[in-house]
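[1] Got a predicted structure plus its sequence, pasted below:
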Amino acid sequence: MSLSGSIVTLSAPTQRLMSVASHLHSQRFKVVVCRNLGPDVMSILEARPELDLVVWPQDSACERSWLMENISGATGVIVMLTDKVNAELLDKAGPSLKVVSTMSVGYEHIDIKEAAQRGLKVGYTPDVLTDAVADLSVMLALMAGRNGGTGVDLVQRGQWANFSWSPFALCGPQLSTTAASPTKKIGFLGFGRIAQATLARLVPFGITHCLYSSNPSSVPNDARDAALAKQHKLQAVSKVDIDELSRESDVLFVLAPGGSETYHIVNETLLRKMKRTSILVNASRGTLVDSDALAKALREGWIWGAGLDVVEGEPNVTVEHPLVKEPRCVIVPHIASATLETRLEMATRAAQNLIGAILGWEMPSQVNLSNVS
């Protein structure tokens, strides 16, 4: 660089570097967003001058044809649970695609092997929905045990006035301990963040024991379990096998990951071992529970009731579904994360994951694909 009066002359190499930097700064990356994420989060994406946004325009699930039409040449895509990310979509996107960011904690809708083979980054939204799912899990346990579904239906059909009261009508097992029932054992199939948050919410009900079964290959964590028992003033927090879990639990919460290893882990064999007054709650993945077996268990009285946020085959759950026909089965349409606060955090995390991956920053929540083959 030389000075001549007030004029600065840059060397050729410096000029080339500045040209490259200017190009990178002005480069725009196509991003496909499969659902409008609301003003608070869309403004985060829109504030990035590097992003060229293509947003599904309807307030409904993104149509596959639209996604296939618009994904070509994209650098990133934000998807929902309803958007299947498979080889077909990734081939259509082409080599420009760098990141798939899902607004969900689960990523079964994403072909992880394909993503890993193509060197893609995958973002998801763990942690932020822990409290909301734990809240709903307790709600489902109460609804199922206290015949909440039957009671609501009675009122909504205008039949309350025709209901014949009797001393034990609409009664069910109490979640909290009583003088007559001083012991209450709560079981968890899966004992991660959500299960432990659910446990904390159940402590004021006076529960006495926490039992859990997790991945058989996982090492027992006796120190943690002892600390939890002391923290919550429980008689014990114990890792047990699935047989003991089913036999001893007054309420069994299914909060394990989906996938082939846990497919129909709640089956007829397990359900037959449960107490006749026990409650089953599933707020994880519908595939963990054999719907036909659960319907049979309810119909024949092997267990008292069930509370479900998820059902295998959802959302194709009609009035003819065997579980819908069971009065002691309370089903809500996969709304465990559906609080205003949680959904905002999930959408924000999905946007941050995408931006981080594209701009070379750290992704707040990235799926570890290093061991995927």
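    In hand now; what should we look at?
[2] which residues sit in contact with the closest residue in space to Glu244 that isn't next to it in sequence?
    Of all residues not flanking Glu244 in the chain, Leu211 sits nearest, at 7.0 Å (Cβ to Cβ, 6 or more residues apart in numbering). Where C-beta positions appear, they are placed from N, C-alpha and C, glycine not excepted. Going by Cβ atoms under 8 Å, 6 or more residues apart in numbering, Leu211 touches Lys185, Ile186, Gly187, Phe188, Ser238, Val240, Glu244, Leu245, Glu248, Ser249.
[3] how about the strands of the stretch 251-373 of the chain, start to end?
    For the stretch 251-373 of the chain, the strands defined by DSSP state E, counting those that start in this stretch cover 251-254, 279-282, 305-308, 329-331.
[4] likewise the stretch 101-250 of the chain?
    Applying DSSP E, counting those that start in this stretch to the stretch 101-250 of the chain gives strands spanning 121-123, 185-189, 209-213, 236-239.
[5] Okay, and the beta partners of the residue nearest to Asn221 when sequence neighbours are not counted?
    Of all residues not flanking Asn221 in the chain, Lys239 sits nearest, at 7.8 Å (Cβ to Cβ, 6+ apart). Taking DSSP bridges as the rule, Lys239 bridges to Tyr212.
[6] Spatially central residue for the protein, please.
    Val105 (4.5 Å; Cα atoms, centre = their mean).
[7] List the single closest residue to it in space, sequence neighbours excluded.
    Excluding its sequence neighbours, the residue lying closest to Val105 (Cβ to Cβ, 6+ apart) is Pro126, at 4.9 Å.
[8] Where does the prediction get shaky in the chain?
    Where the chain drops to pLDDT under 70, the residues are 1-26.
[9] Swap in 50 and give it another go.
    1-8, 17, 19-24 (pLDDT under 50).
[10] what are the ranges of the helices in it?
    Using DSSP state H, the helices of the chain run over residues 12-26, 39-46, 64-70, 87-93, 112-117, 130-145, 148-156, 193-202, 222-232, 242-248, 268-273, 291-299, 340-359.
[11] What is the most widely separated pair among the contacts of Leu211?
    Using Cβ to Cβ, these span at most 13.5 Å, a distance reached by Ile186 and Glu244.
[12] Please identify which of those two sits among more neighbours.
    Ile186 (27 against 15; other Cβ atoms under 10 Å).
[13] Which strand residues bridge the more buried one?
    With DSSP bridges as the criterion, Ile186 is bridged to Cys210, Val251.
[14] how close does Ala306 sit to Thr287?
    According to Cβ to Cβ, to the nearest Å, Ala306 stands 16 Å off from Thr287.
[15] Those two: which is more packed in?
    Ala306 (30 against 20).
[16] what sits against that one?
    Ala306 makes contact with Ala144, Ile279, Leu280, Val281, Asn282, Leu294, Leu298, Leu323, Glu326, Arg328, Cys329, Val330 under the criterion Cβ under 8 Å, 6+ apart.
[17] how about a markdown table for those residues, with neighbour count and distance to Val219 added?
    Output for the contacts of Ala306, formatted as a markdown table (neighbours: other Cβ atoms under 10 Å; distance: Cβ to Cβ, whole Å):
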| residue | neighbour count | distance to Val219 |
| --- | --- | --- |
| Ala144 | 28 | 33 |
| Ile279 | 29 | 30 |
| Leu280 | 30 | 27 |
| Val281 | 30 | 27 |
| Asn282 | 27 | 26 |
| Leu294 | 27 | 31 |
| Leu298 | 23 | 36 |
| Leu323 | 19 | 36 |
| Glu326 | 19 | 39 |
| Arg328 | 19 | 38 |
| Cys329 | 24 | 36 |
| Val330 | 27 | 36 |
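[18] Fine, thanks again, bye for now.
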